[in-house]
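A.B. asks: structure of the sequence below:
(2 chains)
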Amino acid sequence: MRVIAFATLGALAATTPVIAQDLVTRDRVGLPDAPNVMTFRLTPYDLYSADAATAEHFAGLFEEFIRARPDWRIETQLQTGDIGPEQARLLQQTQAGRGPDCAMVDSSQLALFRQTGVLQPMNMVFSEQEVADLFPYVREAVTNAEGDVLAWWWFTDLRVLYRDTSVVPDAPATWEETQAAALQAAEAGREGILFNAGRWEGTAFDWLANFWSQGGRLVDDTGAPVFGEGENRQRFLDAIAYYTGLVESGAAPARVTSITNYDAFNAAAAAGTAAMFVGGNWQFGQLRNTLPPDQFANWAVSELPGPTADQRATGTGGWAIAALSEDPEKRALCGEMVKEIYAGPGNAYQGLLPTSAALYDEYDAYEGAEFDLFAEALENGVARPGAAIYPEISNQIQILLGDVLSGAAEPEAALDAAFAAAQAAYARQ
Amino acid sequence: MTTARGPAPADGRPWPWLVPAVLFLAAFYAVPVVDVVRLAFSDATLIRAPERWSTDALRALMRDPALREVLVTTVVFTAVNVVALQAMGLLITLTLVRGEARGLRGMTAFRTLVLAAWVVPGIANGLIWQILFDEAPYGTLNSLLGFAGLGPVAWLSDPDMALASAVIANLWQGTAFSMIVFYAARRGIDPTLYEVAAIDGASPWRTFRSVTLPLLRTAIAVNTVLVAVQTLNTFDAILALTGGGPGRATEVLSLFTFNTVFYNLDLAGGSVLALILFLLAMVMATLVFGWLGRER
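C.D. replies: Here you go, the predicted model:
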């Protein structure tokens, strides 16, 4: 009877927008009286995106998904963009048995979730071939030694150097070339190069590429901080010196220490005041949608410069979806949702980089030249260490960069303080 | 003539009647505080329940050089705000009362305008001021200053200026509260006193010093405590405005507590910091009310 009722409703939904909307509300996907319930905690960037077109597209994907499963209802829980606290809360609730059945987990937090044993396998959904097709660093992060699929990292991202080719025609490959090009642009009245240096995660993550490109390591194999000792220390100081040189020479404005979001770069590009900036790959699409075509045509992306042209790295992030319930039916539903909505159709619609090589060929959305560059840069991709101490190391790097770039501290003393603080925090964990 | 009445339930033994309310209030307010005390003497993290009891968290924080820096920032931020919030609140109150006494139009609109800032959420306050303080070539305040041939000012990138900017954002939002307290107190002063002062030929300053200020003393004391506690707990506006940076330039104790728990996952350390915050507020309240009691 319920199936008949659902089929009738489904048929009506196809022709009646009002009823179609009822299948996707602010806290539910599916019929309100469906007997089986899966709770799903998601970010506000797709189904509940502030962008109406994105939200509508995902609502369509979810409707199609739930129509094929009339006995299920997905109760949605929205998490805010304040990643650190949100993910900490999610983990704490899951450990206490009050977490959702399925949730989006930031890629930088995956290892922490794995360590605590809250991730439940979704092997029944993903084939060995699909797992094998994942990028190596992704496969390593989502599978364990037994081959269990503990989560599905559905999109990745990376940091690149954006430049206005009318001011900086050639892509700088080294730190030295970057400073020279930025200085030249500054002399022409532009802000030479912009980057995050305010107090937020983006600052540490973007800057870490300069440390990683030299082979620097933040933590050792046991997860203990090592960035302030041995060879890592000099690599760390050299990476600080690169940013300090940019600010002190005037190649970058002092205001970088107040930049705490990527939107500031889009605004500067739109205003025509910046020559270069260190941004995320997703900003390419944003610039295309924001700038007039002739202005957008001047913008190009390239790999982040390194100390030498051969030493390159870029931070890779993104989001995974994981089952947190032990119920096999819910684990399966969670995996199927990832497969049918997010990893593939969701990637392509938003221009988010898939973590599986096959998807780049499957969708026309990845035909632009920029995606070739992103794929090339991903070869040098480095994920944040999956250690519980990482958030505190990031916090210390943010403080250090703010202090050094604003002239409040000397690099060596700031590094000593940051390393001591990270070690003390590690000891407390 | 006296009114006869029967014995009230609480006349003989009040405790049986009071106990339920006392127990409810104790459970509602005391239990969370006791739990924070318990966690402060544990090794709890956000992902691990307490396993042993010690003063390690307290000792680790006492050794942390950041705590001193954060406390100095907190004291400066709170002290400047408490003084400035009251001065601005009093100024606006006196302007309003004088305007109303003279029948000036627009006083209600003026009062509403000030109150409008008060209802803005802290996060929104931080974001609004972040846009205004933007140091980009097209930033709002710097552009305005530029028209006047001034600036640009490093509102958020200079450590000292960033703290001043955080104070400005907090003042914009918090002044309305002081205004409400002072406005109510000022309206409660007997108008006859002002008539007598006028007959005696007292100047406006003398009237303020000898009539208004002494009679607002209780309101000032109460407001000092309330505003100080509010300011000590301010972290959402700063989080949105500067995130505590550059460096630790604007990281106040409440934000440091938030970072300790949610970034460092150190629940025990965060609980110690919460207790320090609690003690600071209690000491200040005791001092202010003690001073008030002596004055009486």
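A.B. asks: close to chain A: what parts of the stretch 101-250 of chain B are there?
C.D. replies: Proximity of the stretch 101-250 of chain B to chain A (CB under 8 Å from any CB of the partner chain) is limited to residues B:130, B:133-138, B:154-159, B:162, B:242-249. No exception for glycine: its C-beta is placed from N, CA and C like everyone else's.
A.B. asks: please redo it, this time with the cut-off set to 10 Å
C.D. replies: B:123, B:130, B:133-139, B:142, B:152, B:154-162, B:165, B:238-250 (CB under 10 Å from any CB of the partner chain).
A.B. asks: any quick PyMOL command for the buried ones out of the residues you listed?
C.D. replies: The buried residues among those can be selected in PyMOL (16 or more other CB atoms under 10 Å in any protein chain shown) with this line:
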select buried, chain B and resi 130+133+134+135+136+137+139+142+154+155+156+157+158+159+161+162+165+238+239+240+241+242+243+244+245+246+247+248+249+250
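A.B. asks: tell me which of the residues of the stretch 101-250 of chain B next to chain A fall in helices.
C.D. replies: Here DSSP state H is the test, and these give B:123, B:130, B:133, B:142, B:159-162, B:165, B:238-241 as lying in helices.
A.B. asks: and the two most separated of those?
C.D. replies: The most widely separated members of those, counting by CB to CB, are B:I123 and B:D160 (24.4 Å).
A.B. asks: neighbours around residue 288, how many?
C.D. replies: Using chain A here. For A:R288, the neighbour count with other CB atoms under 10 Å in any protein chain shown is 15.
A.B. asks: my question was about chain B, not that one.
C.D. replies: Neighbours around B:V288, by other CB under 10 Å: 17.
A.B. asks: which strands or helices does the longest helix along chain A pack on?
C.D. replies: The single longest helix within chain A, with elements called by DSSP H, is helix A:230-249. Where contact means 3 or more CB pairs under 10 Å, 6 or more residues apart in numbering or on different chains; DSSP states H and E, helix A:230-249 is packed against helix A:175-187, strand A:191-194, helix A:201-212, helix A:390-405, helix A:411-428.
A.B. asks: hmm, 7 Å instead?
C.D. replies: Applying 3 or more CB pairs under 7 Å, 6 or more residues apart in numbering or on different chains; DSSP states H and E, we find helix A:230-249 packed against helix A:175-187, helix A:201-212, helix A:390-405, helix A:411-428.
A.B. asks: pLDDT of it, averaged?
C.D. replies: In this model, helix A:230-249 has an average pLDDT of 98.
A.B. asks: quick one: the next helix or strand after it to chain centroid distance?
C.D. replies: Downstream of helix A:230-249, the next assigned helix or strand under DSSP states H and E is helix A:263-271. Distance of helix A:263-271 from the chain centroid (CA atoms, centre = their mean, to the nearest Å) equals 20 Å.
A.B. asks: with stretch A:137-149 instead?
C.D. replies: Offset of stretch A:137-149 from its chain centre (CA atoms, centre = their mean): 19 Å.
A.B. asks: with stretch A:50-63 instead?
C.D. replies: Its chain's C-alpha centre and that of stretch A:50-63 lie 20 Å apart, by CA atoms, centre = their mean.
A.B. asks: now swap in stretch B:51-67 and tell me
C.D. replies: 27 Å.
A.B. asks: does it reach chain A?
C.D. replies: Yes - Stretch B:51-67 reaches chain A (CB under 7 Å from any CB of the partner chain) through B:60, B:64-66.
A.B. asks: so, low pLDDT: which residues of the stretch 1-150 of chain A?
C.D. replies: Across the stretch 1-150 of chain A, the ranges flagged by pLDDT under 70 are A:1-21.
A.B. asks: where exactly do the helices run in it?
C.D. replies: With DSSP state H, counting those that start in this stretch as the criterion, the stretch 1-150 of chain A has helices at A:2-15, A:17-22, A:52-67, A:83-95, A:110-115, A:128-132, A:136-142.
A.B. asks: identify the residue spatially nearest to A:E64, adjacent ones excluded.
C.D. replies: A:E340 (8.0 Å; CB to CB, 6 or more residues apart in numbering or on different chains).
A.B. asks: any idea how far A:D27 is from that neighbour?
C.D. replies: A:E340 sits 21 Å away from A:D27 when distances are taken as CB to CB, to the nearest Å.
A.B. asks: just want to know which of those two has more residues nearby.
C.D. replies: A:E340 (17 against 11).
A.B. asks: what kind of secondary structure is the more buried one in?
C.D. replies: Following DSSP: H, G, I helix; E, B strand; the rest coil, the label given to A:E340 is helix.
A.B. asks: for B:T45, which of the helices of the stretch 1-150 of chain A is the nearest?
C.D. replies: Short answer: helix A:83-95, nearest of these by CB to CB, at 9.6 Å.
A.B. asks: how much does the closest one deviate in direction from helix A:201-212?
C.D. replies: On the basis of axes from the mean of the first three to the mean of the last three CA atoms, to 10 degrees, helix A:83-95 is oriented at 100 degrees to helix A:201-212.
A.B. asks: so which residues make contact with helix A:83-95?
C.D. replies: Helix A:83-95 is contacted by residues A:41, A:79-80, A:99, A:103, A:105-106, A:109, A:112-113, A:116, A:118, A:201, A:324, A:391, B:46-47, B:262-263, B:265 when judged by CB atoms under 7 Å, 6 or more residues apart in numbering or on different chains.
A.B. asks: how about stretch B:197-209?
C.D. replies: Defining contact as CB under 7 Å, 6+ apart, one finds that stretch B:197-209 is touched by B:194, B:211.
A.B. asks: go again with 10 Å.
C.D. replies: Where contact means CB atoms under 10 Å, 6 or more residues apart in numbering or on different chains, the residues beyond stretch B:197-209 that reach it are B:90, B:94, B:98, B:193-194, B:196, B:210-213, B:216.
A.B. asks: CA atoms only: put that stretch into CSV for me.
C.D. replies: C-alpha atoms of stretch B:197-209 as CSV (Å, rounded to 0.1, in the frame of the first residue of the first chain):
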residue,chain,number,x,y,z
ALA,B,197,19.6,73.1,40.8
ALA,B,198,18.3,75.5,38.1
ILE,B,199,16.8,77.9,40.7
ASP,B,200,20.2,77.8,42.5
GLY,B,201,21.8,78.8,39.3
ALA,B,202,23.9,75.7,38.9
SER,B,203,25.7,75.3,35.6
PRO,B,204,25.0,72.2,33.5
TRP,B,205,28.4,70.7,34.5
ARG,B,206,27.7,71.3,38.2
THR,B,207,24.3,69.8,37.9
PHE,B,208,25.7,66.7,36.2
ARG,B,209,28.5,66.4,38.8
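A.B. asks: quick check: the gap between the residue lying closest to A:I341 once chain neighbours are set aside and chain B.
C.D. replies: Among residues not flanking A:I341 along the chain, A:L61 sits closest, at 4.6 Å (CB to CB, 6+ apart). In this view, A:L61 and chain B are 31 Å apart by CB to the nearest CB, to the nearest Å.
A.B. asks: tell me who's in contact with A:L61.
C.D. replies: Contacts of A:L61 by CB under 10 Å, 6+ apart are A:24, A:46-47, A:337, A:340-342, A:344-346, A:349.
A.B. asks: quick one, phi psi at the residue in the stretch 1-150 of chain B that chain A sits nearest to?
C.D. replies: Nearest to chain A in the stretch 1-150 of chain B, going by CB to the nearest CB, is B:E135, at a distance of 3.8 Å. In terms of degrees, to the nearest 10, the main-chain angles of B:E135 are phi -90, psi 10.
A.B. asks: same thing with A:W153?
C.D. replies: phi -80, psi 100.
A.B. asks: tell me which element the residue nearest to it when sequence neighbours are not counted falls in.
C.D. replies: Of all residues not flanking A:W153 in the chain, A:A320 sits nearest, at 4.2 Å (CB to CB, 6+ apart). Assigned by DSSP H and E, A:A320 belongs to strand A:314-323.
A.B. asks: so what's the gap between that strand and the chain middle?
C.D. replies: Distance, centroid of strand A:314-323 to centroid of chain: 6 Å (CA atoms, centre = their mean).
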